[in-house]
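# Provided below are the primary sequence and the corresponding predicted coordinates.
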Amino acid sequence: KIETLAAGIEQLAAMDEPIGKVLGRTELADGLNLTKVTVPIGVLLVVFESRPDSLPQIASLSLRSGNGLLLKGGREAEHSNATLHRIVV
């Protein structure tokens, strides 16, 4: 399970940069251009249950997309989540 988790995070890290990608351009008037560019959402709040692989997956997606992250894990996995948090941070 850890190898699968690590492989997924490595695959995510190898992807093209998602921030600042130009999705489209339109000239509205002479000298006035409208450009659609990808940007981070801001801060994500994720509530998840006691799956220990959730924390590293969510954290890696958040970091890759340039977003801040607030996590609320299940009480049953409090110790696992604390350990994983120390590893990620």
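Happy to help now that I have it.

# switch to C-alpha atoms for all contacts and neighbour counts from now on
Will do.

# which residues of this protein fall in helices?
2-14, 54-64, 78-88 (DSSP state H).

# Now do the end-to-end distance for stretch 13-30.
By Cα to Cα, to the nearest Å, the extent of stretch 13-30 from end to end equals 40 Å.

# let's number from 16 now, not from 1
Okay, using 16 as the starting number, the last item reads as stretch 28-45.

# And the residue of the chain positioned farthest from its centre, what's its pLDDT?
For the chain, the residue at maximal distance from the C-alpha centroid (Cα atoms, centre = their mean) is D45, at 38.1 Å. On pLDDT, D45 comes in at 92.

# what do you get for M30?
Looking at M30, its pLDDT is 93.

# how about CSV for the helices of the chain, with distance to K87 and mean neighbour count added?
Listed next are the helices of the chain as CSV, based on distance: least, Cα to Cα, whole Å; neighbours: other Cα atoms under 10 Å:
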stretch, distance to K87, mean neighbour count
helix 17-29, 20, 12
helix 69-79, 9, 17
helix 93-103, 10, 13
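
# so which of these gets nearest G35?
Of all those, helix 69-79 sits nearest to G35, with 12.5 Å by Cα to Cα.
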